[in-house]
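J.: output the structure for:
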Amino acid sequence: MSAAEGPLVVGVDSSTQSTKVLVVDAATGRVVTSGQAPHTVSGGAGRESDPRQWWDALGAALHQCGEAAREAAAVSVAGQQHGLVTLDAQGDPVRPALLWNDVRSAPQARRLVAELGGAKTWAERTGSVPGASFTVTKWAWLAENEPEAARSVAAVRLPHDYLTERLTGQGTTDRGDASGTGWWASASGTYDEDILSGVGLDPALLPRVVRPGEVAGTVRDGHDLPFTRGTLVAPGTGDNAAAALGLGLRPGTPVLSLGTSGTVYAVSEHRPADPSGTVAGFADARGDWLPLACTLNCTLAVDRVAALLGRDREDVEPGGTVTLLPYLDGERTPNLPDASGLLHGLRHDTTAGQLLQAAYDGAVHSLLGALDLVLDQDADRTTPLLLIGGGARGTAWQQTVRRLSGRPVQVPRAGELVALGAAAQAAGLLTGEDPAAVARRWGTADGPVLEAGERDEATLTRISGVLSDAAPLLERGAETR
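T.: Residues are numbered from 1 along each chain as shown. Down below sits the predicted model:
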């Protein structure tokens, strides 16, 4: 390992499927070493994980980094958003965490919106209209379906909060992740006590919201992680806010992230409040805002279609009239939590490659439909769309986004942008810099640009028409199970 030019920092990405760790030179952004360890997620009706396996995975990933992790001066944890982590008085999980893609709380989401003022009121108070992904709806589900478990809860955390607390011994969160709970008031930057009262949650059970740039704590004794005692711990944040830091985003630059879920977002200086619920009015990790739209079905759904067809994920073919809405896990954008996948327009001459391309088209259509709502009205529509996430390296994904968006598409060379964003946040603690400025200094968004082509309006119109016509069927999906 060559000598670093500056202090070393650790960025952690605790995602749905695994924990990734990068040890980064704070001066140059060079990744000195890395590690990764997997998680398991339950199947069946819900999507749950035992939070203790996140901690075990963090330890395993850090130990893969060797002595470099022990030399780190600061660490930051980014984590999957929305997950409900419930702890008892000893700090142990009361039950497995309910993850962001667990949609069992859809009935509670609908009831909460109706009972606590309607969609417009929710958007004005919290920035978002909560759907089944939001933490507040998961708490309502738990209180209704597992009341004994809810009564034994002594602390409520988000996934990144849980890991940060085990590092420092202090219950903290940040504004970016807190804004995805449904009980954080975006206008005041405080917990909304009326909403908490409405769902029967004591605010004393929630973590302190740490300010951007504030030290959340230091690494304590009593664990076997390869950190030196006293290592600074940054506030951390949610995964999308961390990726925005990792790209060094400036207001108006759109991002489309292709992972287990798909997201489209941009940094804004204006507090968002979309009463339609399409755009979540999240805060970013710096002090601005991160309006964002999210889909539940992205790369995993397309890969599942490829597997069913017995084809490689890149083996697509143009043409045909088939439409495939890949809502295999229900859907969040559009808000169809009980939906399943839908295939329309199948003909004798439809090929397997055209079916696979239709899955890509259906997944990207949902994201692009929210793009104009995410961007400020004065945003430059010719700015390249930054394409990130696991799918961003795939030619089929790149060409589908380029064809359906009609925009230039830039693919940053840097990988693991969530962990890099966390590392930039940790570096900012040491240098006093804005973490986004740190990432820009590191050149994380640099990469090739695919020139804009003519937008495929015919395909977009066809998919929109099928979605509109099939809406009643998709909305009653749960009744037919």
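J.: may I see the buried residues of the lowest-mean-pLDDT helix or strand in the chain?
T.: Least confident helix or strand, the chain: helix 371-374 with a mean of 85, by mean pLDDT, DSSP states H and E. By 16 or more other C-beta atoms under 10 Å, the buried positions in helix 371-374 come out as 371, 374. (Glycine included, C-beta is placed from N, CA and C.)
J.: centre of the chain versus that helix, how much separation?
T.: Taking the mean of its C-alpha atoms, helix 371-374 sits 17 Å from the chain's own mean (C-alpha atoms, centre = their mean, to the nearest Å).
J.: helices and strands around it, which ones?
T.: For helix 371-374, the packing partners by 3 or more C-beta pairs under 8 Å, 6 or more residues apart in numbering; DSSP states H and E come out as strand 262-265, strand 289-295.
J.: could you rerun that using 6 Å?
T.: Judged by 3 or more C-beta pairs under 6 Å, 6 or more residues apart in numbering; DSSP states H and E, the packing partners of helix 371-374 are strand 262-265.
J.: so what strands line up beside the strand it packs on?
T.: Applying DSSP bridges to the sheet, strand 262-265 is found paired with strand 255-258 (antiparallel), strand 289-295 (antiparallel).
J.: looks to me like Q357 is in a helix.
T.: Yes. Assessed with DSSP: H, G, I helix; E, B strand; the rest coil, Q357 lies in a helix.
J.: and whatever helix or strand G421 lives in, what does it pack onto?
T.: Per DSSP states H and E, G421 falls inside helix 417-431. Helix 417-431 sits against strand 8-14, strand 18-25, strand 74-79, helix 239-247, helix 435-442, with contacts defined as 3+ C-beta pairs under 6 Å, 6+ apart.
J.: out of those, flag the one nearest H365.
T.: With C-beta to C-beta, the closest approach to H365 among the helices and strands packed on helix 417-431 belongs to helix 239-247: 20.3 Å.
J.: tilt between the closest one and strand 289-295?
T.: Orientation check (axes from the mean of the first three to the mean of the last three C-alpha atoms, to 10 degrees): helix 239-247 against strand 289-295 gives 120 degrees.
J.: count of neighbours near the closest residue in space to T351 that isn't next to it in sequence?
T.: Spatial nearest neighbour of T351, chain neighbours left out: E317 (5.4 Å); criterion: C-beta to C-beta, 6 or more residues apart in numbering. Neighbour count of E317, defined by other C-beta atoms under 10 Å: 14.
J.: so who does E317 touch?
T.: Each residue near E317 by C-beta atoms under 6 Å, 6 or more residues apart in numbering is listed here: 351, 353-354.
J.: on that earlier part again, could you export the helices and strands packed on helix 417-431 as TSV, including mean neighbour count and mean pLDDT?
T.: Listed next are the helices and strands packed on helix 417-431 as TSV, based on neighbours: other C-beta atoms under 10 Å; pLDDT from 0 to 100:
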stretch	mean neighbour count	mean pLDDT
strand 8-14	30	98
strand 18-25	25	97
strand 74-79	32	98
helix 239-247	31	95
helix 435-442	23	97
